[in-house]
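Visitor: Next input, structure requested:
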Amino acid sequence: MNATQAETGGEPARAGPVPRAGRYRWMIIAILFFATTVNYIDRTMLGLLAPDLGKELGWNENDYGNIVTAFQAAYALGFLLMGWLVDRFGPKIGYGIAITVWTIGHVMHGFASSVASFMAARIVLGVGEAGHFPSVVRASSEWFPQKERAYAIGWVNSATTIGVILTAPTLWVFMTWLGLDWRETFIYSGLFGVILLVLWLKFYSNPRESGRVSDGELAWIEHDPPEQIEKIGWSRVVRLREAWAFAVAKFLTDPVWFLMLFWLPKYFASTYNVDLKVVLLPMIVMYLLSDVGSIAGGWLSSNLIHKGWTPNAARKVTMIIAGCCVLPLLFVTQLENMWLAVALIGLALAGHQAFSTNLLSLPPDMFPKRAVGSVIGLGGFCGGVGGMIMAKSTGLVLDATDGNYTLIFAACTVVYFLAVGAIHLLSPRLTRVSV
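Guide: Residues are numbered from 1 along each chain as shown. Below you'll find the predicted structure:
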């Protein structure tokens with residue numbers, strides 16, 4: 001048995017060139033890119049409207065904190081439910097249910113008037129949106145071979161920041177151009193979810209059952225060695241080291257992304273004395289840099305596998321490189337020039353997204369397709385718990401250090417290397433799980 005076989009569970013890879021005629025699989029990625037954009041617009045909209053809603057509805061900081069916590073808790077727990085659902089019914093039905101639930105939750109905001117009713121809307125939204133990434137990774141595992149999968153996931157993952165960037169223009173279209181109030185904006189923007197649901201149900205199916213895939217493209221999609229059909233149930237997933245390799249890495253690294261989403265505007269406002277309108281351009285620049293990292297990270301590991309590297313080496317080396325991109329965060333708090341800080345934080349965000357893209361590619365590397373959703377769900381739950389711990393810890397540290405972010409940014413630089421170490425300890429060769 002050669003090294004390549006040893007690191008892919010003992011199954012030899014098929015040799016020779018594989019025809020890649022046809023591009024229907026990339027239309028699936030385009031739909032998932034749109035889905036990710038809608039997902040992040042829906043979750044971000046309340047944050048941009050919160051200052052005005054707080055004045056109109058009389059919220060204090062604790063009220064808004066309870067609303068945010070309700071979403072984070074529902075999002076974390078929702079991963080466990082939605083991951084199982086996607087594996088039980090497949091990505092077409094499972095994701096269709098997720099889209100329906102989160103769209104209902106989004107529209108519910110338009111009818112809310114109290115803190116409790118907003119919390120209820122955020123809970124429904126969080127449970128539905130938790131079905132997104134289990135569906136993305138499961139669908140990618142069905143439509144893309146291992147050599148190409150991380151690159152495809154990288155494109156979908158890049159839409160997370162596109163959704164954040166497009167939230168403000170979306171609000172402008174509905175509230176300024178169309179003249180709607182905030183309640184009507186929540187209700188009518190729910191049409192995005194309806195359109196997404198129609199597209200998903202119309203165009204998604206298993207490659208062999210779709211009737212839209214050429215023989216050449218199907219041969220490329222099915223290039224990987226065949227896997228066992230049996231699924232792995234929850235009782236087995238939680239006992240597998242490989243599942244915890246993914247989950248521990250999510251617990252360590254997801255909080256960095258939550259930190260950057262929720263605290264960066266406050267950091268720039270307090271450090272460089274700029275208001276939100278001035279901060280907007282730096283935020284867009286940093287988010288676009290993160291998109292570059294998402295796509296580049298997926299391309300790099302996929303390219304290394306094309307060149308003959310084992311998936312084990314390609315994924316882990318790429319993740320280590322991505323972690324190195326986060327190290328400049330150590331120097332950010334010492335900078336007086338705002339745009340230099342933007343460049344270093346943007347590089348760190350690019351590193352995070354490159355890491356995240358490859359991390360999301362690990363479950364399909366190690367598990368049968370019918371277990372991928374459950375493994376992603378377990379990891380998403382752990383990442384959500386880590387995010388809540390990070391949110392609480394950040395507030396305590398900032399209070400204790402008079403708003404100094406040095407310790408927080410330093411912690412962010414360490415977790416990626418700890419995550420790679422945990423992955424390597426729990427799954428030294430990313431060996432495929434057999435049932």
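Visitor: quick one: residue 334 and residue 409, what's the gap?
Guide: Here residue 334 is placed at a distance of 10 Å from residue 409 (Cβ to Cβ, to the nearest Å). Bear in mind the C-beta positions are built from the backbone N, C-alpha and C, glycine included.
Visitor: so is residue 212 in a helix, a strand, or just coil?
Guide: Here residue 212 is coil, with the state taken from DSSP: H, G, I helix; E, B strand; the rest coil.
Visitor: okay but it is in contact with residue 24, surely?
Guide: Yes: in this structure, residue 212 is within contact of residue 24 by Cβ atoms under 8 Å, at 5.0 Å.
Visitor: contacts for stretch 69-83?
Guide: Residues external to stretch 69-83 that are found in contact with it (Cβ atoms under 8 Å, 6 or more residues apart in numbering): 43, 94, 98, 119-120, 122-131, 134-135, 373-381, 383-385, 387-388, 391.
Visitor: More neighbours: which of residue 334 and residue 409?
Guide: For residue 334 versus residue 409, neighbours defined as other Cβ atoms under 10 Å are more numerous around residue 409 (22 against 8).
Visitor: State the pLDDT value of the more buried one.
Guide: Here, the pLDDT recorded for residue 409 equals 96.
Visitor: which residues does the closest residue to it other than its chain neighbours contact?
Guide: Distance criterion Cβ to Cβ, 6 or more residues apart in numbering; nearest residue to residue 409, sequence neighbours excluded, is residue 329 at 4.2 Å. Each residue near residue 329 by Cβ under 8 Å, 6+ apart is listed here: 344-345, 348, 409-410, 412-413.
Visitor: Considering the residues you listed, which possesses the most neighbours?
Guide: residue 348 (28 neighbours).
Visitor: List the contacts of that one.
Guide: Listed by Cβ under 8 Å, 6+ apart, the contact set of residue 348 reads 325-326, 328-329, 412.
Visitor: Next SSE downstream of the helix or strand hosting it?
Guide: Using DSSP states H and E, residue 348 falls within helix 338-366. Using DSSP H and E, the helix or strand that follows helix 338-366 in sequence is helix 369-400.
Visitor: Output the contacting helices and strands for that following helix.
Guide: If contacts are counted by 3 or more Cβ pairs under 8 Å, 6 or more residues apart in numbering; DSSP states H and E, helix 369-400 sits against helix 61-108, helix 132-143, helix 234-237, helix 241-272, helix 338-366, helix 406-426.
Visitor: which of those has the lowest average pLDDT?
Guide: Comparing mean pLDDT over the helices and strands packed on helix 369-400, the weakest stretch is helix 234-237, at a mean of 81.
Visitor: and of the helices and strands packed on helix 369-400, who's closest to residue 33?
Guide: Counting by Cβ to Cβ, residue 33 lies closest to helix 132-143 out of these; the figure is 9.7 Å.
Visitor: Tell me the buried residues in the helix or strand following that closest one?
Guide: For helix 132-143, the following helix or strand on the C-terminal side (DSSP H and E) is helix 146-172. Residues 146-168, 170-171 are the ones in helix 146-172 that count as buried (16 or more other Cβ atoms under 10 Å).
Visitor: and what of stretch 423-435?
Guide: 423, 426-427, 429-433.
Visitor: Any idea which of the helices and strands packed on helix 369-400 gets closest to residue 201?
Guide: Of all the helices and strands packed on helix 369-400, helix 61-108 comes closest under Cβ to Cβ, at 5.7 Å.
Visitor: Tell me how far whichever helix or strand comes after that closest one lies from the chain's centre.
Guide: The C-terminal neighbour of helix 61-108 among helices and strands, as given by DSSP H and E, is helix 115-129. Centroid separation for helix 115-129 versus its chain: 19 Å, with Cα atoms, centre = their mean, to the nearest Å.
Visitor: got it, and stretch 159-170?
Guide: Between the centre of stretch 159-170 and the centre of its host chain there is 14 Å, according to Cα atoms, centre = their mean.
Visitor: for stretch 303-322, same thing?
Guide: The answer for stretch 303-322 is 20 Å, by Cα atoms, centre = their mean.
Visitor: Likewise for stretch 379-388?
Guide: For stretch 379-388, the distance to the chain centre is 12 Å (Cα atoms, centre = their mean).
Visitor: same question, stretch 179-187
Guide: With Cα atoms, centre = their mean as the basis, stretch 179-187 stands 28 Å off its chain's centre.
Visitor: Kindly report the same for stretch 66-84.
Guide: Distance, centroid of stretch 66-84 to centroid of chain: 14 Å (Cα atoms, centre = their mean).
Visitor: Okay, buried residues for it please.
Guide: Residues of stretch 66-84 classed as buried by neighbour count (16+ other Cβ under 10 Å): 66-68, 70-84.
Visitor: burial measure for residue 47, as a count.
Guide: Other residues close to residue 47 by other Cβ under 10 Å number 15.
Visitor: model confidence over the helix or strand hosting it, on average?
Guide: Residue 47 belongs to helix 24-57 when assigned by DSSP H and E. Here helix 24-57 scores 91 as its mean pLDDT.
Visitor: What of stretch 321-336?
Guide: Stretch 321-336 comes out at a mean pLDDT of 96.
Visitor: Span of it from start to end?
Guide: Stretch 321-336 stretches 27 Å from its first residue to its last (Cα to Cα, to the nearest Å).
Visitor: mind giving me TSV with the buried residues of stretch 423-435 and columns for distance to residue 194?
Guide: Formatted as TSV, those follow (distance: Cβ to Cβ, whole Å):
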residue	distance to residue 194
423	39
426	41
427	41
429	45
430	39
431	43
432	39
433	38
